[in-house]
Structures are given as C-alpha cells and as structure tokens.
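Visitor: Fold the following, please.
(chains A, B and C)
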Amino acid sequence: MPGPFTLGEIASRLGGRVAGDAQLLIRQVGSLEHAGPDQITFLSDGRHSAKLAATRAAAIILAPENEKLTARPRIVADKPYAYFAKVSQLFNRAVRQEPGVHPSAVVSKTASLGKGVSIGAGCVVGDGVTIGDDCCLYPRVVIYPNCSLGKRVILHSGVVIGADGFGIAPEEGRWVKIPQIGGVRIGDDVEIGANTTIDRGALDDTVIEEGVKLDNQIQVAHNVRIGAHTAIAACTGIAGSADIGRHCIIGGAAMIHGHIKIADHVKVSAGTLISRSLTKPGTYTGIYPFDEHQAWKRGAVRLRRLAKGKKED
Amino acid sequence: MPGPFTLGEIASRLGGRVAGDAQLLIRQVGSLEHAGPDQITFLSDGRHSAKLAATRAAAIILAPENEKLTARPRIVADKPYAYFAKVSQLFNRAVRQEPGVHPSAVVSKTASLGKGVSIGAGCVVGDGVTIGDDCCLYPRVVIYPNCSLGKRVILHSGVVIGADGFGIAPEEGRWVKIPQIGGVRIGDDVEIGANTTIDRGALDDTVIEEGVKLDNQIQVAHNVRIGAHTAIAACTGIAGSADIGRHCIIGGAAMIHGHIKIADHVKVSAGTLISRSLTKPGTYTGIYPFDEHQAWKRGAVRLRRLAKGKKED
Amino acid sequence: MPGPFTLGEIASRLGGRVAGDAQLLIRQVGSLEHAGPDQITFLSDGRHSAKLAATRAAAIILAPENEKLTARPRIVADKPYAYFAKVSQLFNRAVRQEPGVHPSAVVSKTASLGKGVSIGAGCVVGDGVTIGDDCCLYPRVVIYPNCSLGKRVILHSGVVIGADGFGIAPEEGRWVKIPQIGGVRIGDDVEIGANTTIDRGALDDTVIEEGVKLDNQIQVAHNVRIGAHTAIAACTGIAGSADIGRHCIIGGAAMIHGHIKIADHVKVSAGTLISRSLTKPGTYTGIYPFDEHQAWKRGAVRLRRLAKGKKED
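Guide: Okay, the predicted model is just below:
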C-alpha cells in the first residue's frame, strides 16, 4: 500500500488548495461516516453538513462554496468527487491482480497478449484474440475467438465477450441459425462489470469505443456500437444494431431497442425503455410511478378506463 | 437417500397430527399431479381440490380447514407448505455437494475455510477470504479478495462476490475510476442463486445479513445493505447504497434506486421500480398493465394526450 | 472455410432463382454496407434501397417483389432472410468448437455423452447428466446433476443448467429451504445464450422443448415449460411454473409471472410484464412511453391526479 502522504504532498501532486495544516499525515481514504483519524474523506454536497459535523476524518475534500462548513484541515477543489477518486488512486491500486497468466487459465497459442497483461484463474481466451498492454481479466472471463481489446481494459469475473449474437431466421415454424461471423472490438480504457455479456457481430463487428464503462449484468447484442466515454449502469439490455453515442449516461435496468440511434450526450433514466432514435441531447425518462398496492390497483383501473376513452363514472 | 419413514415417524419428528393410517410407509415427496403411491404431497390452497381428487399420492399434508377435502391418509399442520419443506428435507439433502475442495478450484493460501466447507470445481477464492462452517460453493463461483461468508451459506454456480462497484467520477469528459476498497460481508444461512453478482463496497462494506435468500441473476451494487431474512426474486437490480430492511419480500425484476432506505416488512411487486424511500411496511406496486397490442397503442396515445393536459377529442 | 461457390451452385443446393451471371464466384457473405466484391448480401426490406444502391456486394438475395430494385447478379427467394441464413451456413460453420472434451473440463464419470459432443474449457458436467449427439458446450458452462440435453444443443459460456429453484417456505420469520429434486430436460436443437440460467424443478422437471432459442441472460425458474420452437430475447425473466406455448416470440427484458399459461403463437413485446394467462394468439404489449424528462414528470403528475379520480385543475 502506497503512502502515507501529507495534505501538502497530495495537493502538490493533484492540485487544489490546502486550508489548515499542510503537514497533516494521511494514510487512507474513508467515508464521511466511517473515516478514522488518519483518513481523508470528501463532501460532494452541502446537504450532508450533519454528517460532516459528526465525521472523525482527519481532513475533507470539498468545493469552494462549502469551504466554510468545517474548520478541519481540508483540500478545496472544484470537483471534489473526481479529486477524491484520484486521491484514492494515490493510496490504493485500482487493479489488484498481478500481471501474468494464471496457470489454470486457458489461453490459445494464437492469441496475442500485450505487455503487463493479467489473466486470472479460470479465464479462457480463444484463437486469434488480441489483448492490449496492461489489460486485466479477473477470474473466469471468457473471450471467444477473434475479438480484440485495447489497452488498460478491465474485465470482471463472469464477463463473456464474443458469444454468438441472437441471429435466427424463421422458416416454416422453425428457426434457422445465422452464423455470427463478426467479432467484438473493445477500445482502450474500457471497464466491464461482472457477468456482462457482449455478443459478436453477425457480419460486421460489435464495437465498444474507448473509455466506455459498463456495470454488471449488462447485455450488449450483436452489432451494437457504444460511443466513447459512455457509462451504462447495471442490468441494462441493448438490442441488436443499436448505435449509442459518445458521453451518454444510461441508468440501470434501462432497455434500448435494436436498430435505433442515440445522439451524443444523452441521458436515459433507470428503468426506461427507449423505443425510437434520440437525435438531441437531454434526459429521457419513462417510468410508471409506483404506489401503495391498493392505490396502484384503483389507479390502474381508472387509467385503463380513460385509455379506452370511457368517461369517468 | 434417507428414509423410508411412516406417517407416524414423520409427525413425531416434525409435529402435526396424523389422520388415517400412521403406519403407512412413505419413500419420497412429490407434486399433487405426479406423486406416486409411496409419496407424500401437500395441499397449499383449498382451490386445488380438483387436483387433490385426482392425485395418486399415498398421503397429503394439509391445513386443518382443508382436512375433510380428502379421505386419504394425511398430516394436518398449520402451515402445510413449510411442513412439506421439512418433510422434503427428511427425504432429501438440500445441499448435494460433498464437503471438500475440488482439485480444480483455486483457493488462496491466505483464505480461511471453516469445517465441512464444500468448494466445487472451477471455483476461485481470493486472498484473505473467510468462509464459515458448512458453506457450499457450487462450481464456478468467484470470491474476490477480503470478503467473508458466515456459516451454512450456499452460493450457486456463476455467483461473483466482491467485484468492483461501479465507482467512477466524471472529469473533463472522461471517467476516473474510484478504487473499491470495501469488502462484502455475508451472514449465516444466506443462499444466493446462479449468476447473481454482489459488488464490494467503495469505502465501507456491502452487507448481506443472516437468512437472506437471493434468487438468480440479481445485481447488488456497492454499499447496499440487505436486512436479515429478506427474500428477493430473480433479475432484481439494487443500486448503490440502498438500505433494505429485514423480512422484506421483493418480486422478480424489481429495481431499487440507490441511496434510499426501505423499512422492514416491505413487499415490492415484480417489475416495480422503487425510486424513493419507503418508511412504512406494506406492499408497493408500479406496473403499467399490458393489453393486446393495438389496444395498448390506442390507449398509450390517449393517455399521452391526457398527460399533456389536452382535452379528449 | 468451405467454398467458394458460384451463384448457380448456391441455387442448386438451396433453391431460389438466379438472375444475372450464374457463374459468378462467391467467397463469403456480408452486410449491405460492408460486403466486398466477392461477397453476397441480402435485402430484407425494400425500404433499404439507398443502401442497396451503394453496396459493393457481388450479388444480392432478395424477394420477388424487389427483384427490379437492382441490376446486379441476384438470387430471388421467397424468404430472403432465411435463405441468407442458409447461404451463410454454406460458407461458415455455425458451431466453431471442435468435438471432444477439453482437458480442463470436469465431467462426471456417471455423465453420458453422445457422439460428436464438444465440451469447452472449464465446463463442469455433474453426475447422471445425459448429453445427446453433436451438442456443443462453450467454455465455462455448468450442468448440475441429473439434467439432460437432446441432440445438437448449443450452450454458450456462463450458462448454468439445473441450479436449485427458488423454493423457500416462510415459518416464523425465517425461510425453510425446499430441496429441489426435479431436473431439467432440454430437447433437440435448442440454443441457449451466454449467462442464461435454467433452474431445476422443485419436484417435477423444468422442460425446454425442441427447437427453442434463448438469448443471453435469461432466467428460467423451476418447473417452467417452454414449448417447441419458441424464441426469447435477452434479459427476460420467467417465474416458476409458467407454461409458455409453442412458436411464441418473446421480446427482450420481458417478464412472465409464475403459474400462468401462455397459448401457442403468442408474441410479447420487449419490456412487457405478463401478469395473467394468455389464451389467444396475438401480440401483447405494456410499455409506459418515455418522454423528455420534464415532460414525463409533468405528465406523470397529471396522470397520477387522474388515476386518483381528481379533476384537472
């Protein structure tokens, strides 16, 4: 574990301004509620001032407009959350698995591995796969043949890259399988959460551009493109050939229809189904509000009558 | 396989009252529809009396108010379903995997295993993991470093415990990764279904209390707490720092927003998105009712007009 | 890689009518946008005529009514998409993994494997499992004991067959586990996508009939039956004892309640929750339409007032 660092050393590495004792020694980061007396925490929002008053943390990272909310030693930074992320990286490695191929991993002789790659226990890497420098595959990742990863890609356990897309054609009451001959191309600095699946393309490739962050249990169907620096929360499903822009933020358990195009800088709320293309940036939502069960039931009946054009009784 | 047992032996072990031949020998449990002549079944609900009349089962477990619905040998018990569960445990082991570590499993030398632990083929157990007595990890479970399981925990295949939470901070159009330095703490008697994922905490731990039952393909984000004896059905997603009470029942494919608090004894219906804290016990629902497609489409258009405040035409 | 074939050879194997140079040599299939000059593509829909005009493909498969949309060599077929699927199978193997059991797979001595079976790296096959001829298990599939696969079944990575169903009975604030003693029976020609889970039955079996196609990350609970030739898109959850008919098509992220029956030839739209039995064929939908966030919020408030029977203000 690196460190310790004084507040002054932190600010000289990462910027920001120290208020209070710059010689204060910090050993780790912590939460407002549980940080100990040699730890630094952060305040993302002035509304947490009660927690701030009660914290035992040695020092706090906060925004200029909140500087006066505490008299403790602090670092004033414009974006306290991003600043805190970098402080945490000073004290902790973001990737904890050592470079090297675990002896229980099965890596094809025709796969190409960059420098500093880490492949965990039980991983399977298929023929013709390319893995860039400093990638980390946690245990039990599978990469099917002929897919590629850029540099510094992190794949968490249970990720499956390059399984067949759901390509079937109906014929006389049966389904004919369409061989999925495209691949998957993943750019630099992508991170993919546990048990997420990204299917190979039917003819052309499925593409995840640089800097994309995918949470757990996301399904990315064949021939999807996800634009650079887009972040998608857990349990989201993206249907075939959807084209998602750059710098989008998609909430958890969202659903994106196939063959639609989403502009750059779009936000989709959690639980929302997007059924047509979105050409303008903005936030889009489609959630049916919950209620206490009996109230929901009465309301649903009444709305159903209205939806059918009946007058209220 | 244990057994056989007579009806009288069953009742002397588990309670309840025998009506009819107490010497009747039972070899196994079965369903109302398919139980054979040496099997015992149960009636959960008087409305299934037609199936009861047709059953070939040797004996039936039922509630006092349904005792007269059949003349077959029977055990009368207040909670026939829970009673049946325990009868089935008499005849069948709930966990079928033998104790011991499969030679293909990869278990860190710094992990601590209790007595009677069973670790299946292809499992990966990281550094500093603690596993309590009589836990069972079915094949291909992954536990990242520094997580802990209580006693008698059952993890089904594909479960991933302790992968990084989705902690990223925006900065100038890119995402900065926040090292996830918390762990996962799982209490006694927890069971977790296939391919469910539970992320490690960002700073503090993610906590699953004793007796919690999670179905398959559930996503539990970082710093969630799930209170004791809560049961959650498949495909549910729980966002970061949600705090779920004890004795809750959450239906399948539900979605729980982050940073909210749900009281003890809350029930959430399947497919419902909970977007704010729930302070009172009760059942909560938010489902948009389905309809035949054309009727749905006409209704959706009409509701949209109403939602926009337009008069009906 | 098989081939090349002339247009005439393709038509003599698969039917259809050649228009243009029957001696034209084809080496591979491709998409309208990216096919090269020795590749054949297809036109599924006359609305793509702009892409058709720009294609560099050597030849096009299209329907009789679209034959005149291009002067390029072409094959005229009634169902261009199914025809294309079979042309692609001519040039590409649908299953790319060689027969045989990978040395890192763990297969019980009491499992029974048919001819030509392929079991990938890291798979685990339990006691008493039966696997029919020409099945393919991609890496890291788990099959629990006493489940059976028909012939030509394809299981993608991360699939879990036969984990315990979610069978728990409440008793005095705790949950009693019900041993899951049924199995899973899967018919011929079934394909199952990555990380999909199919639970074993509680007492009787869970049944997937012949020709069923399941996409990724689908959850099939205990005692479900899925009728022959039904196709289900990704992220769908099917609750316990649901009985789904033959030739159904279920969209992505749909949810099917337990203990209901769905007729043959039913279509369910993506994101729709089906909460009662469907006795007639047809398409069923229940999606709450999304909108720009502020418009959604205003509309949701207004609908909530209407649902509560209040007059508009």
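Visitor: burial measure for A:Val95, as a count.
Guide: 17 (other C-beta atoms under 10 Å in any protein chain shown). (C-beta placed from N, C-alpha, C; glycine too.)
Visitor: What sits closest to it if chain neighbours are left out?
Guide: Excluding the flanking residues, the one nearest A:Val95 by C-beta to C-beta, 6 or more residues apart in numbering or on different chains is A:Cys136, at 4.8 Å.
Visitor: how many neighbours does that neighbour have?
Guide: Neighbours of A:Cys136 under the rule other C-beta under 10 Å: 23.
Visitor: What does it show for phi and psi?
Guide: phi -130, psi 120 (degrees, to the nearest 10).
Visitor: Isn't it up against A:His156?
Guide: No: contact criterion C-beta atoms under 8 Å: A:Cys136 and A:His156 do not qualify, at 9.1 Å.
Visitor: Return the residues in contact with the residue nearest to A:Val95.
Guide: By C-beta atoms under 8 Å, 6 or more residues apart in numbering or on different chains, the contact list for A:Cys136 reads A:Val95, A:Gln97, A:Val117, A:Ser118, A:Gly120, A:Val153, A:Ile154, A:Leu155.
Visitor: Among the residues you listed, name the ones in helices.
Guide: If you go by DSSP state H, those have nothing in helices.
Visitor: By neighbours, which of these wins?
Guide: Neighbours here mean other C-beta under 10 Å. Within these, the largest count is held by A:Leu155, at 29 neighbours.
Visitor: what bridges to that residue?
Guide: Per DSSP bridges, the residues bridged to A:Leu155 are A:Leu137, A:Ile192.
Visitor: Quick check: longest helix in chain A by residues?
Guide: Using DSSP H to define each element, chain A has its longest helix at helix A:293-307.
Visitor: where in chain A is pLDDT low?
Guide: Residue ranges of chain A with pLDDT under 70: A:1, A:311-313.
Visitor: how's it carved up into domains?
Guide: For chain A, automatic domain parsing gives the domain ranges A:5-91, A:159-284.
Visitor: Dump the ones you listed to a markdown table, plus mean neighbour count.
Guide: A markdown table is the format used below for the domains of chain A (neighbours: other C-beta atoms under 10 Å in any protein chain shown):
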| stretch | mean neighbour count |
| --- | --- |
| domain A:5-91 | 18 |
| domain A:159-284 | 23 |
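Visitor: how about the nearest residue to A:Arg246, chain neighbours excluded?
Guide: Excluding the flanking residues, the one nearest A:Arg246 by C-beta to C-beta, 6+ apart is A:Gly227, at 3.5 Å.
Visitor: Among the contacts of A:Cys136, which lie within strands?
Guide: Counting by DSSP state E, the part of the contacts of A:Cys136 found in strands is A:Ser118, A:Ile154, A:Leu155.
Visitor: Residues of the stretch 1-150 of chain A that sit close to chain B?
Guide: A:28-31, A:33-35, A:79, A:81-82, A:84-86, A:88-89, A:91-94, A:96, A:102, A:104, A:120-122, A:138-140 (C-beta under 8 Å from any C-beta of the partner chain).
Visitor: residue contacts, A:Ala295?
Guide: A:Ala295 sits next to C:Lys308 when contact means C-beta under 8 Å, 6+ apart.
Visitor: Return the distance of it relative to B:Ala57.
Guide: From A:Ala295 across to B:Ala57, the span is 42 Å (C-beta to C-beta, to the nearest Å).
Visitor: What of A:Thr236?
Guide: 46 Å.
Visitor: same check, this time on A:Phe166
Guide: With distances taken as C-beta to C-beta, A:Phe166 is found 42 Å from B:Ala57.
Visitor: A:Thr164 against A:Gln180, yeah?
Guide: For residue A:164 the amino acid is Asp, not Thr. Yes: using C-beta under 8 Å, A:Asp164 is in contact with A:Gln180, at 4.3 Å.
Visitor: Need the overlap of contacts for these two.
Guide: The contact sets of A:Asp164 and A:Gln180 overlap at A:Asp199, A:Arg200, A:His222 (C-beta under 8 Å, 6+ apart).
Visitor: From those, pick the one nearest chain B.
Guide: A:Asp199 (16.6 Å; C-beta to the nearest C-beta).
Visitor: residues touching the closest one, list them.
Guide: Counting by C-beta under 8 Å, 6+ apart, A:Asp199 has contacts A:162-166, A:180, A:184, A:206, A:220-222, C:193-194, C:216.
Visitor: And A:Thr6, by the same measure?
Guide: So A:Thr6 contacts A:Ala22, A:Gln23, A:Leu24, A:Leu25, A:Ile26 (C-beta under 8 Å, 6+ apart).
Visitor: Repeat the analysis, applying 6 Å as the threshold.
Guide: A:Gln23, A:Leu25 (C-beta atoms under 6 Å, 6 or more residues apart in numbering or on different chains).
Visitor: and if you look at A:Leu7?
Guide: Listed by C-beta under 6 Å, 6+ apart, the contact set of A:Leu7 reads A:Val18, A:Ala22, A:Leu24, A:Ala59, A:Pro73.
Visitor: A:Ser157 too?
Guide: By C-beta under 6 Å, 6+ apart, A:Ser157 lies in contact with A:Tyr138, A:Pro139, A:Arg140, A:Ala194, B:Val142, B:Val160, B:Ala163.
Visitor: Now the first one. Its backbone dihedrals?
Guide: Dihedral angles phi and psi of A:Tyr138 (degrees, to the nearest 10) take the values phi -70, psi 170.
Visitor: ok, it to B:Gly120 distance?
Guide: 19 Å.
Visitor: Kindly report the same for the fifth one.
Guide: In this view, B:Val142 and B:Gly120 are 12 Å apart by C-beta to C-beta.
Visitor: isn't A:Ile26 right next to A:Ile40, touching?
Guide: Yes: contact criterion C-beta atoms under 6 Å: A:Ile26 and A:Ile40 qualify, at 4.8 Å.
Visitor: residues making contact with stretch A:106-116?
Guide: So stretch A:106-116 is contacted by A:99, A:101, A:124-134, C:104, C:121 (C-beta under 6 Å, 6+ apart).
Visitor: rerun that using 8 Å as the cut-off
Guide: A:99, A:101, A:119, A:123-135, A:145, A:151, C:102, C:104, C:121-122, C:139.
Visitor: out of those residues, which are buried?
Guide: Those of the contacts of stretch A:106-116 that meet the buried threshold are A:101, A:119, A:123-126, A:129-132, A:134-135, A:145, A:151, C:102, C:104, C:121-122, C:139, by 16 or more other C-beta atoms under 10 Å in any protein chain shown.
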